[in-house]
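S.K.: just coords:
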C-alpha cells in the first residue's frame with residue numbers, strides 16, 4: 001500500500017508541474033483571444049462572424065484539467081503525509 005501511494009504522489013507531482021505550465025499557457029491564450037458572449041452582445045456583433053478560436057474551448061478545458069490534476073496531487077499528498085507521520089514507531 002505504501003509503495004502505491006508513494007508512486008501515485010510522485011506521478012501526480014510530476015503531472016502537476018506540467019499542469020501548471022499548461023495552465024499558464026492556456027490562461028495567457030485566453031487573455032489574448034477570448035471574447036465573452038456579454039461583450040459580443042453589448043457591441044452588437046454577430047457571433048457567427050467571429051473565428052472559432054475566440055471562444056477558447058480548448059484553453060478552458062486545459063484550465064479545468066490542470067486544476068483537477070493539481071487538486072488531486074494536493075489531496076493525495078495530504079493523505080500520504082498523514083499516513084507517513086501517524087504510523088506507529090517501529091523498534
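M.R.: Perfect, thanks for sending it. In this text, all values refer to a predicted model and were calculated from it rather than measured experimentally. Residues are numbered from 1 along each chain as shown.
S.K.: the residue positioned nearest the centre of the chain: which element?
M.R.: Nearest to the mean C-alpha position of the chain, by C-alpha atoms, centre = their mean, lies residue 66 at 1.3 Å. Per DSSP states H and E: residue 66 is located in helix 57-85.
S.K.: any idea how far that helix is from the chain center?
M.R.: Chain-centre distance of helix 57-85: 8 Å, with C-alpha atoms, centre = their mean, to the nearest Å.
S.K.: buried set for it?
M.R.: Buried residues in helix 57-85, counted by 16 or more other C-beta atoms under 10 Å: 59, 62-63, 66, 69-70, 73, 76-77, 80. (Glycine included, C-beta is placed from N, CA and C.)
S.K.: okay if I get these as a markdown table plus distance to residue 39 and pLDDT?
M.R.: Shown next, in a markdown table, are those (distance: C-beta to C-beta, whole Å; pLDDT from 0 to 100):
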| residue | distance to residue 39 | pLDDT |
| --- | --- | --- |
| 59 | 17 | 91 |
| 62 | 22 | 95 |
| 63 | 19 | 95 |
| 66 | 25 | 96 |
| 69 | 30 | 96 |
| 70 | 29 | 95 |
| 73 | 35 | 94 |
| 76 | 39 | 93 |
| 77 | 39 | 92 |
| 80 | 44 | 89 |
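S.K.: spit out the contact partners of the residue nearest to residue 65 when sequence neighbours are not counted.
M.R.: Once flanking residues are discounted, residue 65 sits nearest to residue 19: 7.2 Å by C-beta to C-beta, 6 or more residues apart in numbering. Neighbour list for residue 19: 65-66, 69-70 [criterion: C-beta atoms under 8 Å, 6 or more residues apart in numbering].
S.K.: give me that answer again for 7 Å
M.R.: 66, 69-70 (C-beta atoms under 7 Å, 6 or more residues apart in numbering).
S.K.: how far out from the middle of the chain is the longest helix along the chain?
M.R.: For the chain, the longest helix by residue count, based on DSSP state H, is helix 2-33. Relative to the centre of its chain, helix 2-33 is centred 6 Å away, using C-alpha atoms, centre = their mean.
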